[in-house]
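Student: Generate a structure from the sequence data that follows.
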Amino acid sequence: IGPSLPFEAPERLVYIRQHERACVECDRMTSGNYVTIRDEAHTLKSVSLAGHWPYIHRGVERSELLTGARVSSEFFRTLGIPPLLGRTLAPADSEASRNRVVVLNEETWRSRFLADPKVLGQEMILDGAPYVIVGVVAVAHGYPDRTDLWTPLSMDAQRTADRRLTDYFAVGRLSDGISF
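Tutor: Below you'll find the predicted structure:
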C-alpha cells in the first residue's frame, strides 16, 4: 500500500483486487473471493474486507450523515490499528445476532461525545438501530476515506457465496518471511 500511511509496518500491507473486464483499474473484491483468499493464501498473515457505508446518526438535537465502513473483524489487526479506548472488532462481532457494535474515529468521539472516556457501552443510533460503542481509534486511522466509524461486516452464507458483486475492497498483511 505504501510506507507513508499511518499503519504498523505499512510496507507489509497489500491491496488485493480481482480482475474485472469492465473496470481494469477497480480495487474491488467480492465477499466470496475474499473468503477464499482469507482461508487459502498462506503468503498473507491476515486479510481484511471493507466497504463504504454511510450512516444516519440520530443525535440528541439533530440527525446527521456520518461516513462509515462495514469491515471484517480482521480489519484493525491487518492494518495494525490499536484502540485508544476500549477494543476494536472481535470475530464474534461479525455474527448476525451480535453485529450491533461500533468503533469510533477519535475525531467523532471528541466532537460528538466530548471525548468522554465513559462512552464505552453507550448506545448510538445509526440508521434507526442501536449500536453499542466498544472502542475508539486514533484520528490518523480514518481509513478508508476519513471514516467516522466502523461496524462489523456480517459474513453469512449468502454473502460468502457471492462472487459477482464487487462491493468491497481487500487489504492483506504479508506473512513473515514473504516479500514482493
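Student: all strands in this structure, in order from the N-terminus.
Tutor: Taking DSSP state E, the strands of the chain run over residues 13-16, 44-52, 55-58, 63-66, 68-71, 83-86, 101-105, 123-126, 129-137, 149-152, 169-174.
Student: quick one, which of these is nearest to residue 161?
Tutor: Shortest distance between residue 161 and those, using C-beta to C-beta, is found for strand 44-52: 14.6 Å. C-beta: built from backbone N, CA, C; applies to glycine.
Student: buried set for that closest one?
Tutor: Within strand 44-52, the residues that count as buried by 16 or more other C-beta atoms under 10 Å are 44-51.
Student: Against residue 83, how distant is the residue most central in space within the chain?
Tutor: Residue closest to the mean C-alpha point of the chain, counted by C-alpha atoms, centre = their mean, is residue 71 at 3.1 Å. Taking C-beta to C-beta, to the nearest Å as the measure, residue 71 falls 14 Å from residue 83.
Student: tally of neighbours for residue 154?
Tutor: 15 (other C-beta atoms under 10 Å).
Student: repeat for residue 111
Tutor: 11.
Student: What of residue 55?
Tutor: Neighbours of residue 55 (other C-beta under 10 Å): 22.
Student: Just to check, it is in contact with residue 68?
Tutor: Yes: in this structure, residue 55 is within contact of residue 68 by C-beta atoms under 8 Å, at 4.3 Å.
Student: how about the buried residues of strand 44-52 in CSV, adding pLDDT and distance to residue 178?
Tutor: Formatted as CSV, these follow (pLDDT from 0 to 100; distance: C-beta to C-beta, whole Å):
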residue, pLDDT, distance to residue 178
44, 93, 8
45, 93, 9
46, 93, 12
47, 93, 13
48, 92, 17
49, 90, 20
50, 90, 22
51, 87, 26
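Student: Which member of those residues is positioned nearest residue 79?
Tutor: residue 48 (7.1 Å).
Student: residue contacts, that closest one?
Tutor: Neighbouring residues of residue 48 by C-beta atoms under 8 Å, 6 or more residues apart in numbering: 71-72, 74-75, 77-79, 170-172.
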